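K.L.:
need a 3D model of the sequence below.
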Amino acid sequence: MSAAPANTTFPSDTSGAEATTGLDNNVSIYMPFNVVVDALTAELFGKAVDLSGTEIRVVDELPVGALYDASGAEGWLHFLQAIDEDTFSVYVNRSKVEDVSGAFANALYIEAGATYDPANNGSEHLDCSGVFGPEVTDKWYMYNSLQDFLMGYFAKKILGHPGALAAISNDSSLRAQYEAKYKLGMRAIEGEAASAISGLPATLDVSGVAGMMVLDEPVNGLSQEDLNIIVQQMMNQAPERFSTEVGDRGTLQPVQWKVGDKIYIQLKLADNQYQLNSVASSSTHPVLLNATNATTLATPTSITNDYYVLVFTVGA
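P.N.:
This next block holds a predicted model:
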């Protein structure tokens, strides 16, 4: 992973070891995987969560109910402390995965980003003010969807301004590809097969938890180690959310999320490139590009790898 840019705005130590200052604190959770917008899928990390890059603040909040049922019966993640020792495991409730995935996609307006609508310029859904710098007006700080931002990113990289969109002739194709790659990356939240609640021993009582269905194991799904990293961050910052009674050992409990919590997911833009259409030298009208002029594609030019961090807030 490339080094963090100088304008990184969150602590470099993302292990979740922030000091606890009181009970019922909000938490900041750094997700141990990337959403990779290129030919790769989400990359998972082991013990360290190394996020780097300029923050993009997602304005629309994630509904807390998608992550944790208000009744306390179930959540996206479930925590299980061993009966005979101080170890724990975390499991994915597969029945909640669609809710969680949909919440992230809705906050990023993924479906709405399939086409470009100039009326949406400046829509306050993604705050990208830290990305393009002061050389552009504030109209280009706010974006309607993740795809709109990514098109602006290409325009800035290629032509120097995020508003130079007219030069990109395959807009709809790029938007569709970005959407597909985002969804592929977010499959990580399903977890590996062994991390699903359905993989628990039959002797453990999980009758109160939905999610017995088994889904196909996703590519690079969150492993048990990854899930433990997520929960360890929460335990370090808000230990009161986890029962300490001995009688609770061996009992599956939903991991609690609360309004105000933060979730960070890295958006990795890597190995992207662009190419220029050019008319063959035999053409008598080199400035015209139409069906009668033979065209060639110049050698693609790579765009420098960049990292951004999507910052989500859990809301009511």
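
K.L.:
so how far is stretch 174-182 from its chain's centroid?
P.N.:
Computed by C-alpha atoms, centre = their mean, to the nearest Å, the separation of stretch 174-182 from the middle of its chain amounts to 14 Å.

K.L.:
average pLDDT for that stretch?
P.N.:
The average pLDDT within stretch 174-182 is 91.

K.L.:
return the set of buried residues in it.
P.N.:
Within stretch 174-182, the residues that count as buried by 16 or more other C-beta atoms under 10 Å are 174, 175, 177, 178, 179, 181, 182. Quick note: C-beta positions are derived from backbone N, CA and C, even for glycine.

K.L.:
over to stretch 99-110?
P.N.:
By neighbour count on 16+ other C-beta under 10 Å, the buried set for stretch 99-110 is 100, 101, 103, 104, 105, 107, 108, 109, 110.

K.L.:
out of those residues, the closest to residue 229 would be?
P.N.:
The nearest member of the buried residues of stretch 99-110 to residue 229, counting by C-beta to C-beta, is residue 100 at 17.0 Å.

K.L.:
residues in contact with that closest one?
P.N.:
Residues near residue 100 by C-beta atoms under 8 Å, 6 or more residues apart in numbering: 66, 67, 76, 189.

K.L.:
who wins on neighbours among those?
P.N.:
Counting neighbours by other C-beta atoms under 10 Å, residue 76 comes out on top of the contacts of residue 100 with 24 neighbours.

K.L.:
can I assume it is in contact with residue 96?
P.N.:
Yes - counting by C-beta atoms under 8 Å, residue 76 does reach residue 96; the two are 4.4 Å apart.

K.L.:
so what sits against both of these two?
P.N.:
Jointly contacting residue 76 and residue 96 under the rule C-beta under 8 Å, 6+ apart are 66, 67.

K.L.:
tell me the helix or strand right after the longest helix along the chain.
P.N.:
Counting residues, the longest helix in the chain under DSSP state H turns out to be helix 171-186. Following helix 171-186 in sequence order, the next helix or strand is helix 224-237 (DSSP states H and E).

K.L.:
backbone dihedrals for the nearest residue to residue 274 once chain neighbours are set aside, both of them.
P.N.:
Leaving aside its chain neighbours, residue 274 sits nearest to residue 158 (5.2 Å; criterion: C-beta to C-beta, 6 or more residues apart in numbering). When quoted as degrees, to the nearest 10, the phi and psi of residue 158 stand at phi -90, psi -50.

K.L.:
then residue 238?
P.N.:
Main-chain torsions, residue 238, degrees, to the nearest 10: phi -140, psi 70.

K.L.:
just residue 129 next, same as before
P.N.:
phi -60, psi -30.

K.L.:
for burial, what's the neighbour tally of the closest residue to it other than its chain neighbours?
P.N.:
In space, and not counting its chain neighbours, residue 129 is closest to residue 141: 4.0 Å by C-beta to C-beta, 6+ apart. Using other C-beta under 10 Å, residue 141 has 19 neighbouring residues.

K.L.:
residue 70 too?
P.N.:
Burial of residue 70 is recorded as 7 neighbouring residues (other C-beta under 10 Å).

K.L.:
and it, helix, strand or coil?
P.N.:
coil (DSSP: H, G, I helix; E, B strand; the rest coil).

K.L.:
list the contacts of it.
P.N.:
Listed by C-beta under 8 Å, 6+ apart, the contact partners of residue 70 are residue 64.

K.L.:
burial measure for the residue nearest to residue 274, as a count.
P.N.:
Neighbourhood size, residue 158 [other C-beta under 10 Å]: 16.

K.L.:
cool, and residue 59?
P.N.:
For residue 59, the neighbour count with other C-beta under 10 Å is 15.

K.L.:
could you do residue 241 as well?
P.N.:
Each residue near residue 241 was counted by other C-beta under 10 Å, and the total is 20.

K.L.:
would you agree it is in contact with residue 233?
P.N.:
No - if you go by C-beta under 8 Å, residue 241 and residue 233 don't touch, sitting 11.6 Å apart.

K.L.:
all strands of this structure, in order?
P.N.:
Ranges of strands in the chain, per DSSP state E, are 28-36, 54-58, 62-63, 77-81, 88-92, 126-127, 142-143, 253-254, 262-269, 273-274, 277-279, 295-297, 301-302, 306-315.

K.L.:
of these, which approaches residue 225 most closely?
P.N.:
Comparison of these against residue 225 by C-beta to C-beta identifies strand 28-36 as nearest, at 8.4 Å.

K.L.:
quick check: mean pLDDT across the closest one?
P.N.:
Here the average pLDDT along strand 28-36 is 76.

K.L.:
okay, which residue is most central for the chain?
P.N.:
Central residue of the chain (C-alpha atoms, centre = their mean): residue 265, 3.9 Å from the mean position.
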